[in-house]
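*Asks:* Sequence unavailable; structure follows:
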């Protein structure tokens, strides 16, 4: 399991990319365990830890998830998915927690020399079908799966991909009040 070393936190974060094309080899059990430990130790609102993680390494299950909607058809070619299941008691704070744990899993995968991507199931009907496929009770909140593997490329193969790059800090940072720059 290769580990990547970074001299600055920005290096670790800047090299995380959404991958959608993966080599078929399985993700090692050690790497899966490391990712689940990172997920487990992620902070949550009021330390509720409102999550359950479903490790999906069955290609048929991943194929079925990929059919929920066209923009996530790339999930079928991945070796591993970690579905996020939230308690559903407080959807607003759990949505925040979902984002935190997702990003930590992606950063940890990158540090392990792997790649990852996030696939959202879609609207309420598509989320319900995702729950059915994975055996998740209807009262739980489940709308995404984090895909992990060794990427073939980070180029987005979809025809309507967004433009790469980042806005300069001068466009997105204010000081003390919105619109005040230094």
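*Replies:* All right, it came through fine. The shown structure was predicted, so the numbers you read here are calculated from the model rather than taken from an experiment.
*Asks:* Return the list of strands paired to the lengthiest strand in the chain, each annotated with direction.
*Replies:* Using DSSP state E, we find that the single longest strand of the chain is strand 141-149. If you go by DSSP bridges, strand 141-149 pairs up with strand 80-86 (antiparallel), strand 115-120 (antiparallel).
*Asks:* how far out from the middle of the chain is the first one?
*Replies:* Strand 80-86 has its average C-alpha position 8 Å from the chain's average C-alpha position, going by CA atoms, centre = their mean, to the nearest Å.
*Asks:* Point out where this protein drops to low pLDDT.
*Replies:* Scanning the chain for pLDDT under 70 picks out 1-4, 154-164.
*Asks:* one step back: for the strands paired with strand 141-149, please prepare TSV with the additional fields distance to residue 55 and mean neighbour count.
*Replies:* For the C-beta atoms, the positions are set from N, CA and C on the backbone; glycine is no exception. Shown next, in TSV, are the strands paired with strand 141-149 (distance: least, CB to CB, whole Å; neighbours: other CB atoms under 10 Å):
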stretch	distance to residue 55	mean neighbour count
strand 80-86	6	24
strand 115-120	14	23
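*Asks:* will you turn the ones you listed into CSV that also has distance to residue 51?
*Replies:* Formatted as CSV, these follow (distance: least, CB to CB, whole Å):
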stretch, distance to residue 51
strand 80-86, 6
strand 115-120, 15
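*Asks:* closest to residue 12 out of those strands?
*Replies:* Closest to residue 12 of the strands paired with strand 141-149, according to CB to CB: strand 115-120, at 13.4 Å.
*Asks:* ok, then the element right after that closest one?
*Replies:* Downstream of strand 115-120, the first helix or strand assigned by DSSP states H and E is helix 124-134.
*Asks:* Buried residues, that following helix. List them.
*Replies:* 126-127, 129-131, 133-134 (16 or more other CB atoms under 10 Å).
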